[in-house]
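S.K.: could you look at this predicted model? Sequence included:
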Amino acid sequence: MTTGRWPAPAGPIVMPYGGVWPRVADSALILPGAAVVGDVEMAPDSSVWFNAVVRGDDGPIRIGRGSNVQDGCVVHVGTEHPTVVGDWVTLGHNVHLHACRLHDETLIGSSATVLDGAVVERHAQVAAGALVAPNKVVGSGELWGGVPARKLRDLTLGHNVHLHACRLHDETLIGSSATVLDGAVVERHAQVAAGALVAPNKVVGSGELWGGVPARKLRDLRDEEIATIRDNAEWYVHELDDYRRLMEETA
């Protein structure tokens, strides 16, 4: 068994096709073993993980802000449809996308496939292993699964936070299954508890914890609770930073 520095990993493949190079934001990251080819645009804080392939040869591919293309995914495109991945989208391991469109804040489960012309609308989910057939539309807030995929049910608040025409200030935390409605404001360093419903035009004050249906102030947050808000939001960005440093150290 050898000791000392481990061998530097092979870097990612980033190459042009037809004279068009990928356009990768400074804060985006492509991990070793991944390949990004041709007419691909990666927005800030997006990421392509180990051994994933994003191949924009027959048309454009767009990957939105904060979206992650996890290990082993294949993202390709057709001549009739681009492939568009919106903001804050998660593609689980070994997902296959082909000439389809994913709206913001969607989740595609591991080993699922979404085919030509299909659309996954905002806040929808495709279950692991599902096959979304060409030109199907997975409606907003729906869960689809199976081969071929069909609607299984509407997602409940236990699966998604729901925000509608509201404002969240910096460093806030909205718990799982919570809803914040029209005109409501959640001020800096505030938290909304899991399952809460913040009614229209309510103001969750800075440093306050609100909960219940309808939500009301439960108490002021302790300093250590406020500190966890930013910690939660920064976790994934820190994960990318760790990998970026690792790549620099082994280059």
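M.R.: Received, thanks.
S.K.: so what's residue 175 up against?
M.R.: By Cβ atoms under 8 Å, 6 or more residues apart in numbering, residue 175 lies in contact with 161, 191-196. Yep, even glycine has a C-beta here, placed from its N, CA and C like the rest.
S.K.: JSON lines please, covering those and showing neighbour count, distance to residue 68 and secondary structure.
M.R.: JSON lines is the format used below for these (neighbours: other Cβ atoms under 10 Å; distance: Cβ to Cβ, whole Å; DSSP: H, G, I helix; E, B strand; the rest coil):
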{"residue": "161", "neighbour count": "16", "distance to residue 68": "18", "secondary structure": "coil"}
{"residue": "191", "neighbour count": "24", "distance to residue 68": "25", "secondary structure": "strand"}
{"residue": "192", "neighbour count": "25", "distance to residue 68": "25", "secondary structure": "strand"}
{"residue": "193", "neighbour count": "17", "distance to residue 68": "27", "secondary structure": "coil"}
{"residue": "194", "neighbour count": "14", "distance to residue 68": "24", "secondary structure": "coil"}
{"residue": "195", "neighbour count": "16", "distance to residue 68": "27", "secondary structure": "coil"}
{"residue": "196", "neighbour count": "24", "distance to residue 68": "28", "secondary structure": "coil"}
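S.K.: name the nearest of those relative to residue 144.
M.R.: residue 161 (20.0 Å; Cβ to Cβ).
S.K.: before we move on, the earlier item: nearest to residue 111, of the contacts of residue 175?
M.R.: residue 161 (25.7 Å).
S.K.: got the contacts of residue 175 as a markdown table, with distance to residue 64 and pLDDT columns?
M.R.: A markdown table is the format used below for the contacts of residue 175 (distance: Cβ to Cβ, whole Å; pLDDT from 0 to 100):
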| residue | distance to residue 64 | pLDDT |
| --- | --- | --- |
| 161 | 18 | 72 |
| 191 | 27 | 87 |
| 192 | 25 | 86 |
| 193 | 29 | 80 |
| 194 | 27 | 69 |
| 195 | 28 | 70 |
| 196 | 28 | 80 |
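S.K.: would you turn these into CSV with distance to residue 77?
M.R.: Conversion of the contacts of residue 175 to CSV gives the following (distance: Cβ to Cβ, whole Å):
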residue, distance to residue 77
161, 31
191, 41
192, 39
193, 42
194, 39
195, 40
196, 41
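S.K.: give me the low-pLDDT residue ranges for this protein?
M.R.: Applying pLDDT under 70 to the chain flags residues 1-9, 155-160, 176-177, 194, 228-239, 247, 250-251.
S.K.: if we use 50, what do you get?
M.R.: Counting by pLDDT under 50, the chain shows low-confidence ranges at 1-3, 157-159.
S.K.: can you map out the helices along it?
M.R.: 223-250 (DSSP state H).
S.K.: in it, where's the longest strand?
M.R.: Ordering each strand of the chain by length in residues (DSSP state E) puts strand 53-63 first.
S.K.: show residues contacting that strand.
M.R.: Here strand 53-63 has contacts from 17-18, 20, 22, 34-43, 46, 48, 69, 73-79, 81-85, 99, using Cβ under 8 Å, 6+ apart.
S.K.: can we see that at 6 Å?
M.R.: Residues outside strand 53-63 that contact it (Cβ atoms under 6 Å, 6 or more residues apart in numbering) are 17, 35-42, 46, 48, 74-79, 82-85.
S.K.: what does stretch 139-158 give?
M.R.: 121-127, 130-133, 138, 177.
S.K.: turn those into TSV, columns for neighbour count and distance to residue 210.
M.R.: Shown next, in TSV, are the contacts of stretch 139-158 (neighbours: other Cβ atoms under 10 Å; distance: Cβ to Cβ, whole Å):
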residue	neighbour count	distance to residue 210
121	17	29
122	17	25
123	20	22
124	25	28
125	23	27
126	27	32
127	17	32
130	23	36
131	19	41
132	26	37
133	15	43
138	26	32
177	17	14
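S.K.: now render those residues as JSON lines, adding distance to residue 244.
M.R.: Shown next, in JSON lines, are the contacts of stretch 139-158 (distance: Cβ to Cβ, whole Å):
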{"residue": "121", "distance to residue 244": "32"}
{"residue": "122", "distance to residue 244": "29"}
{"residue": "123", "distance to residue 244": "30"}
{"residue": "124", "distance to residue 244": "31"}
{"residue": "125", "distance to residue 244": "29"}
{"residue": "126", "distance to residue 244": "29"}
{"residue": "127", "distance to residue 244": "32"}
{"residue": "130", "distance to residue 244": "33"}
{"residue": "131", "distance to residue 244": "35"}
{"residue": "132", "distance to residue 244": "33"}
{"residue": "133", "distance to residue 244": "38"}
{"residue": "138", "distance to residue 244": "33"}
{"residue": "177", "distance to residue 244": "33"}
